[in-house]
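[1] what shape does this take:
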Amino acid sequence: MRELEGREEALAGTFNVHNVANTVWAYATMGREPGAGMIRELEGRAETVAGMFNLRQDVANMLWANATMGREPGTGVMRELEGRTQTLAGTCNTQDVANTL
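    Next up is the predicted model:
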């Protein structure tokens, strides 16, 4: 796991929106929290690619994963997720709303 996390941290700057959301989701599913360096990398990348987040999956996964890990996303990430949610809210169906909440 240590080797994978090292490689993950090295590649985090190239992650696309799905890589970021899925990685945070995977940590939460495993019941593990990424190290401080990895959190910084993932949150930094999330801020960068937030404009491409899909509300149906990516935003919901990020919020669920952070809640499951018992942590709140950083201020910048939360601001970006909220902005993306506002932009896409009009396209949501009932399942999208439930997943995001």
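
[2] switch to C-alpha atoms for all contacts and neighbour counts from now on
    Noted.

[3] next up, the contacts around the residue nearest the centre of the chain.
    Nearest residue to the geometric centre of the chain (C-alpha atoms, centre = their mean): residue 62, 3.3 Å. Contact analysis of residue 62 by C-alpha atoms under 8 Å, 6 or more residues apart in numbering lists 21, 24-25.

[4] cool, and residue 27?
    With C-alpha under 8 Å, 6+ apart as the criterion, the residues that contact residue 27 are 33-34, 65.

[5] output these as JSON lines; include the columns distance to residue 12, neighbour count and secondary structure.
    Converted to JSON lines, the contacts of residue 27 look like this (distance: C-alpha to C-alpha, whole Å; neighbours: other C-alpha atoms under 10 Å; DSSP: H, G, I helix; E, B strand; the rest coil):
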{"residue": "33", "distance to residue 12": "16", "neighbour count": "19", "secondary structure": "coil"}
{"residue": "34", "distance to residue 12": "12", "neighbour count": "18", "secondary structure": "coil"}
{"residue": "65", "distance to residue 12": "17", "neighbour count": "25", "secondary structure": "helix"}
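
[6] quick one: contacts for the nearest residue to residue 18 once chain neighbours are set aside?
    Of all residues beyond its chain neighbours, the one nearest residue 18 is residue 58 (6.6 Å), with distances taken as C-alpha to C-alpha, 6 or more residues apart in numbering. With contact taken as C-alpha under 8 Å, 6+ apart, residue 58 is in contact with 17-18, 21-22.
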